[in-house]
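Q: no sequence on this one, just coordinates:
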C-alpha cells in the first residue's frame with residue numbers, strides 16, 4: 001500500500017491508470033482515506049505568528065545559523081562547517097522545537113522582541129507575511145517539526161569588509177576586528193569564509209524564492225560572482241551592501257546580474273555626510289552616492305537605503321530623512337530603519353535626561369513640520385513618522401544607566417583618538 005501510495009503521489013498519470021483497475025479498488029480506498037486524513041490535519045494548522053522558521057535559513061559570516069536576521073539565539077550547536085548539508089541546520093532539533101512551539105501558539109524567546117516591536121514599526125516579520133502559508137503548510141511535518149524545503153536563504157559569504165562601523169560586530173568585518181584589537185586588545189578575528197559549495201548545493205535542492213547576500217560586504221568577497229552564477233534567474237536576488245564598491249575581484253558585477261528578473265540592493269547609510277563618515281569609519285559618502293546613482297539609473301534593479309538608529313545619529317534624523325524623502329536620495333525605491341538593540345552603549349536610551357529631552361524636542365518639532373509638508377508623498381511621510389516615533393519611544397522606555405553612558409563616552413573617545421576624529425559635537429563637552 002505504501003509503495004502504491006508513493007507511486008500515485010509521484011506520478012499523476014499512474015494514479016489515473018490504477019483507479020481504472022478493479023483489483024486496486026481496496027488499496028486505493030485506504031490510500032484516499034489516509035490522504036484525506038492528512039489533509040484534515042493540515043487544514044487545522046493555522047498560520048503561526050511568523051512563518052520564518054518554516055521557510056527560512058540565515059547564516060552569519062562565522063557559519064552560525066539562525067532563523068532570520070532578527071532572531072536572537074542559535075538554531076544549532078554546530079556551525080555550517082560541521083554539517084554535510086545546510087538542511088541539517090534547517091531541521092536541527094532546536095529549529096524543529098521552535099516550529100512546533102509556534103504552531104501551538106508559543107513564541108520562542110528569540111522571536112519575542114521582533115514580534116512585539118512590529119506593533120510600532122515594520123520589522124522582519126512583515127517581509128515573511130508575503131509568503132503563502134497554504135503553500136508552506138504541506139511541507140511541514142507536525143510530528144517531527146521538520147520541513148521538506150526552504151524558500152528563503154540569507155547568507156554571509158565571509159567577513160570581508162572595508163569598513164569599521166562603530167556599532168558593528170567584530171565577526172562581521174575583518175578590518176573592524178583588526179582595528180579593535182589595536183584599540184582595545186580584543187582578540188583579532190581570522191578571515192572567515194563560508195563554504196560556497198554547500199551553499200550552491202542548498203540553492204539547487206530548494207525552490208528558493210529569494211536569496212539575500214550579506215556579510216561583511218558580499219560584493220567584496222572574491223567568490224561573489226561564482227555564487228550568483230549558480231542562482232536561477234527567476235529567484236529574487238537581494239544584495240545588502242555598504243555601497244563601497246560595485247566590482248568584485250576587479251570585475252564589474254552588473255554583466256553577471258542582468259539576467260535576474262528581480263534584483264534589489266539594500267545600501268547602508270547612517271546619516272548625512274558628516275554623520276555617516278563619523279559612524280561608518282573608512283566610508284566615503286560621495287562614493288556611496290555615486291554607486292547609488294549607478295544602480296538607480298538601471299531599469300533592472302531597485303535600491304533601498306537603510307540606517308541603524310543609535311545615540312550617535314538620533315539628532316541627525318531630521319536631516320537624514322529629508323535627504324531621503326525630498327533631497328538628493330529622493331529617487332530611492334524605498335527606505336528602512338532599525339533602532340539598535342546591541343551593543344547597549346549605542347542604544348538611543350543611553351543618553352542622560354537633558355540629552356533625551358533635547359532629542360525628543362528636536363524630533364517632535366520635525367514630526368510637526370513633516371505632517372504638513374506637501375512636497376512629500378503621504379506614504380513617505382507616514383513611513384518616516386513611524387521610524388521617528390519609534391526612536392523616541394525606544395529612547396524613553398528604558399531607565400538611564402550612568403555607568404553605561406560613561407562606558408560609551410570612554411569608548412567613543414578612544415575610537416576618535418585612534419582615527420583622528422574630532423569629538424561628536426553632542427558629546428564633546430562630556431569628554432575629558
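A: Arrived safely, thanks for sending. Please read all numbers here as calculations on a predicted model, not as lab measurements.

Q: going forward, measure contacts and count neighbours with C-alpha atoms only.
A: Noted.

Q: ok, now which ones touch the residue most central in space within the chain?
A: In the chain, the centroid-proximal residue (CA atoms, centre = their mean) is residue 69; its distance is 4.1 Å. Residues in contact with residue 69 (CA atoms under 8 Å, 6 or more residues apart in numbering) are 58, 124, 154.

Q: Next, it: phi, psi?
A: phi -70, psi -20 (degrees, to the nearest 10).

Q: Would you mind measuring from it to residue 331?
A: 27 Å (CA to CA, to the nearest Å).

Q: likewise residue 171?
A: Look at residue 171 and residue 331: by CA to CA, they are 33 Å apart.

Q: For those two, work out which one has more neighbours and name it.
A: Legend: neighbour count by other CA atoms under 10 Å for residue 171 and residue 331, higher for residue 171 (22 against 16).

Q: and residue 16, what pLDDT?
A: Note for residue 16: predicted pLDDT of 69.

Q: ok, now residue 8?
A: Confidence for residue 8, expressed as pLDDT, is 63.

Q: what's near enough to touch residue 223?
A: 157, 196, 249.

Q: For stretch 293-306, buried residues please.
A: For stretch 293-306, the neighbour count (16 or more other CA atoms under 10 Å) marks 293, 295-296, 300-306 as buried.

Q: remind me which residues of the stretch 101-250 of the chain are low pLDDT?
A: 125 (pLDDT under 70).

Q: All the helices of it, in order from the start?
A: 109-117, 124-128, 133-136, 174-184, 196-205, 224-228 (DSSP state H, counting those that start in this stretch).

Q: Quick one, which of those gets closest to residue 274.
A: With distances scored as CA to CA, the stretch of these nearest to residue 274 is helix 174-184 (19.8 Å).

Q: so how far is the closest one from its chain's centroid?
A: 24 Å (CA atoms, centre = their mean, to the nearest Å).

Q: Next, the residues that contact it from outside, please.
A: Helix 174-184 is contacted by residues 159-165, 170-171, 186-191, 414-415, 418 when judged by CA under 8 Å, 6+ apart.

Q: got it, and stretch 358-373?
A: Against stretch 358-373 from outside (CA under 8 Å, 6+ apart): 314-315, 317-318, 381, 385, 388, 392.

Q: and residue 161, how many residues sit next to it?
A: Neighbours of residue 161 (other CA under 10 Å): 21.

Q: give the contact list for it.
A: By CA under 8 Å, 6+ apart, residue 161 lies in contact with 172-175, 215-217, 220.

Q: If we use 6 Å, what do you get?
A: Shown in contact with residue 161 (CA atoms under 6 Å, 6 or more residues apart in numbering): 173, 216-217.

Q: ditto for residue 165
A: Contacts of residue 165 by CA under 6 Å, 6+ apart are 279-281.

Q: Leaving out chain neighbours, which residue sits closest to it?
A: residue 280 (4.2 Å; CA to CA, 6 or more residues apart in numbering).

Q: Next: residue 46.
A: residue 103 (7.3 Å).

Q: how many neighbours does the one you found have?
A: By other CA under 10 Å, neighbour count at residue 103 equals 19.

Q: Hmm, it is touching residue 49, no?
A: No. If you go by CA atoms under 6 Å, residue 103 and residue 49 don't touch, sitting 8.3 Å apart.

Q: need the longest strand for the protein.
A: strand 302-309 (DSSP state E).

Q: Return the list of helices and strands in contact with that strand.
A: Judged by 3 or more CA pairs under 6 Å, 6 or more residues apart in numbering; DSSP states H and E, the packing partners of strand 302-309 are strand 263-268, strand 334-339.

Q: Give me the contacts around that strand.
A: Applying CA under 6 Å, 6+ apart, the contact partners of strand 302-309 are 264-270, 332-340.

Q: Pick out whichever of these sits closest to residue 99.
A: Proximity of those to residue 99 was ranked by CA to CA; the top entry is residue 338 with 25.8 Å.

Q: Tell me the pLDDT of that closest one.
A: The model reports residue 338 with a pLDDT of 93.

Q: hey, what's it bridged with?
A: Note on residue 338: beta-bridge partners residue 308, judged by DSSP bridges.

Q: and it, how many neighbours?
A: 16.

Q: Residue 179 versus that one, what's the distance?
A: Counting by CA to CA, the separation of residue 338 from residue 179 is 25 Å.

Q: Same question for residue 136.
A: 45 Å.

Q: and what of residue 343?
A: When distance is defined by CA to CA, residue 343 is 17 Å away from residue 179.

Q: likewise residue 194?
A: In this structure, residue 194 lies at 23 Å from residue 179, with CA to CA as the measure.

Q: Looking at these two, which is more packed in?
A: residue 194 (21 against 18).
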